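My questions are about this predicted structure, shown below with the sequence.
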Amino acid sequence: MSSFFPEKGLIVSCQALADEPLHGGDTMTKMARAAVQSGAIGIRTNGVFDILCIKQEVDVPVIGLIKRDIPDSAIFITPTLTEVKAIVSAGADIVALDVTDREGRLEAVKPLIAYAHEHGVAVMADISTLEEGVAAEKLGVDFIGTTLSGYTPYSRQQDEPDFELLSQLCASVQVPVVAEGRIWTPEDAAKAMKAGVPYVVVGSAITRPQLITSRYVNALRNSMDSGEVKR
Ligand SMILES: CC(=O)N[C@H](C=O)[C@@H](O)[C@H](O)[C@H](O)COP(=O)(O)O
């Protein structure tokens, strides 16, 4: 399955949760079309509706996940078998799920991985540390993504992509490593690939205009606050 994508490259994450301005309708499908038109080799998307629509619209592999809040649990990316079944039924080529070392997850995730594989669907493990990446490989996943670095309390907390984790993973696991999380510039994307990863996922920097706008607004405000520019 390591040759699942025909070539190395950019995977664009097209996600807008219910509380985001671009949520609903065919907005994420159009984002996906734009991404593929410009050379994205894959799409990562959330929820049955967007998986279904995007699968019909584009001709590249789709990584599907379902974010769901479960009371008293920190696991929110494809937490249970119910979501895996829904993602598989919707036609995703790869299921993305949390493979962090929390709440007994490294054991609980086994039937989820088995279900996807029994149905011919690959699995991307969203992890936050090197140890979790190594554990994920032992569980038989097909891709390991740095998605959750910075989002578990014990992982590296920083505004930048976790390049150190990328390099460590590339030296430690055989399955393809996916760079994901806080990649904001083409230079960062290229740096991730130089660290050895075949695939780079970019989400917010391409598909969350409210966050892109904030960065510009903040930069302008900072230059005004610092006195470099008059208000
Ligand atoms: C932590 C979490 O919930 N990550 C989610 C996982 O699917 C998405 O909200 C991110 O947009 C995605 O990982 C891409 O990352 P970035 O948007 O930083 O390029």
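Cool, the structure landed.

Show me which residues of the protein sit near the ligand.
Residues of the chain found near the ligand, taking CB under 6 Å from any ligand atom as the criterion, are 13, 15, 65, 77, 147-148, 151, 180-183, 201-205. (Glycine included, C-beta is placed from N, CA and C.)

any chance you could map the strands in the chain?
Remark: strands assigned in the chain by DSSP state E are 9-14, 42-46, 62-65, 94-98, 122-126, 143-145, 177-180, 199-202.

just the residues of the chain next to the ligand now: which is nearest D162?
When the residues of the chain next to the ligand are compared for distance to D162 (CB to CB), G181 wins out at 6.6 Å.

For the ligand, give me its nearest residue in the protein.
G203 (2.9 Å; CB to the nearest ligand atom).

Out of the strands of the chain, the one nearest A34 is which?
Checked against CB to CB, the stretch from the strands of the chain lying closest is strand 9-14, at 8.5 Å.

neighbouring contacts of that closest one?
With CB atoms under 8 Å, 6 or more residues apart in numbering as the test, strand 9-14 has contacts from 28-29, 31-32, 35, 39-45, 50, 54, 63, 178, 180, 189, 198-204, 206-207.

Strand partners (parallel or antiparallel) of that strand?
When pairs are called by DSSP bridges, strand 9-14 turns out to pair with strand 42-46 (parallel), strand 199-202 (parallel).

among the ones you listed, which is the most enclosed?
strand 42-46 (a mean of 28; mean count of other CB atoms under 10 Å).

That strand relative to strand 122-126, how many degrees between them?
70 degrees (axes from the mean of the first three to the mean of the last three CA atoms, to 10 degrees).

In this structure the residue of the chain closest to the ligand contacts Q15, no?
Yes: the criterion here is CB atoms under 8 Å, and G203 meets it with Q15 at 6.3 Å.

what touches both of these two?
Common contacts of G203 and Q15 (CB under 8 Å, 6+ apart): R44.

just to revisit the earlier point, okay if I get the strands of the chain as CSV plus distance to R105 and mean pLDDT?
Below are the strands of the chain laid out as CSV (distance: least, CB to CB, whole Å; pLDDT from 0 to 100):
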stretch, distance to R105, mean pLDDT
strand 9-14, 22, 98
strand 42-46, 19, 98
strand 62-65, 15, 98
strand 94-98, 6, 98
strand 122-126, 10, 98
strand 143-145, 15, 98
strand 177-180, 18, 98
strand 199-202, 21, 98
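
Now render the ones you listed as JSON lines, adding distance to L22.
Output for the strands of the chain, formatted as JSON lines (distance: least, CB to CB, whole Å):
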{"stretch": "strand 9-14", "distance to L22": "9"}
{"stretch": "strand 42-46", "distance to L22": "12"}
{"stretch": "strand 62-65", "distance to L22": "17"}
{"stretch": "strand 94-98", "distance to L22": "20"}
{"stretch": "strand 122-126", "distance to L22": "22"}
{"stretch": "strand 143-145", "distance to L22": "22"}
{"stretch": "strand 177-180", "distance to L22": "19"}
{"stretch": "strand 199-202", "distance to L22": "16"}
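
Which single helix of the chain contains the most residues?
helix 209-225 (DSSP state H).
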